[in-house]
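Student: have a look; sequence and predicted model below, questions after that.
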Amino acid sequence: MLAKRIIPCLDVDKGRVVKGKKFQNIQDVADPVSLAKKYNEDGADELVFYDITASNETRDIFIDVVEKVAAEVAIPFTVGGGIRAIEDFHKVLRAGADKVSINSAAVDNPILIQEAAWKFGSQCVVLSIDAKENKDGNWAVYTNGGRIDTGLDALEWAKRGEELGAGEIVINAIDTDGEKNGYNLSLTQAIAQSVNIPIVASGGAGKLEHFQDVLQPDVADAALAASVFHYNEISVSQLKQFLVENGVPVRKRRVTPWK
């Protein structure tokens, strides 16, 4: 089994890291630069930065915050929120991002995935899917921070994203987001079985065992979490030690930012 990745997530609104439940009841947490530095030093494998209101407010991402975070980390750094065109990819990559995450814009204009993959390489293009179970027991794709039901089926959209050139998929389970009762294993596994690119699970981590469950060989390649890390309920180093002790391989190399 390949080594699994642990990825803290910074949901940013108005320059501050925030967190809510099921994409609602947003609360202030901390300064993104300080948190990024902390996670880099604690052995996180990657970092994700989402400007969570940029798409809904139809504005550009906070590039100055991206630049400050990028200056503090030497691990792969993914940026998303407010990405609507190829030029937006240019902006965040120049600001220090290694990957660019697209969600709402990809639904509105799927060819953007293809154009970005051609120009920057598939490894740079992350398709983020916000999914929620509907009354039929299927998973629907939502956009604009979980506000709009697109009517798209999450599994079919994941397949389409891979066909267009996405190099990775982050599956955000709205139903479990912030609940700390565990990742949505059914959804994550279904997506993983539908595509041949890495899957990052997001939404629901509450204890060490939840990471162990989702990082099994047939489920996710990486686990993304926010609350448990932000509120010091679990540290990245503690989590990695637990995973190793329970047979889940993780990356052990730690890096420090370039000075």
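Tutor: Alright, I've got the coordinates.
Student: all helices of the stretch 101-250 of the chain, in order?
Tutor: Here the stretch 101-250 of the chain has its helices, by DSSP state H, counting those that start in this stretch, at 104-108, 111-120, 154-164, 185-194, 208-214, 227-230, 236-245.
Student: identify the residues contacting the helix or strand containing Asp64?
Tutor: Per DSSP states H and E: Asp64 is located in helix 63-70. When contacts are defined by C-beta atoms under 8 Å, 6 or more residues apart in numbering, helix 63-70 is touched by residues 10, 12, 15, 32-33, 36, 47, 49, 51, 77, 79, 91-92, 95-97. All C-beta atoms are positioned from the backbone trio N, CA, C, and that covers glycine.
Student: chain center to it: distance?
Tutor: 17 Å (C-alpha atoms, centre = their mean, to the nearest Å).
Student: give the buried residues for that helix.
Tutor: By neighbour count on 16 or more other C-beta atoms under 10 Å, the buried set for helix 63-70 is Ile63, Val65, Val66, Lys68, Val69, Ala70.
Student: could I get the CA-only coordinates of that helix as PDB?
Tutor: Provided in PDB are the C-alpha atoms of helix 63-70 (Å, rounded to 0.1, in the frame of the first residue of the first chain):
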ATOM      1  CA  ILE A  63      -3.800  36.600  -3.300                       C
ATOM      2  CA  ASP A  64      -2.000  38.400  -0.500                       C
ATOM      3  CA  VAL A  65      -3.000  35.800   2.000                       C
ATOM      4  CA  VAL A  66      -2.000  33.000  -0.400                       C
ATOM      5  CA  GLU A  67       1.500  34.600  -0.800                       C
ATOM      6  CA  LYS A  68       2.000  34.900   2.900                       C
ATOM      7  CA  VAL A  69       1.000  31.300   3.500                       C
ATOM      8  CA  ALA A  70       3.200  30.000   0.700                       C
END
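Student: what mean pLDDT does that helix get?
Tutor: Across helix 63-70, pLDDT averages out at 87.
Student: right, I'll call it a day here.
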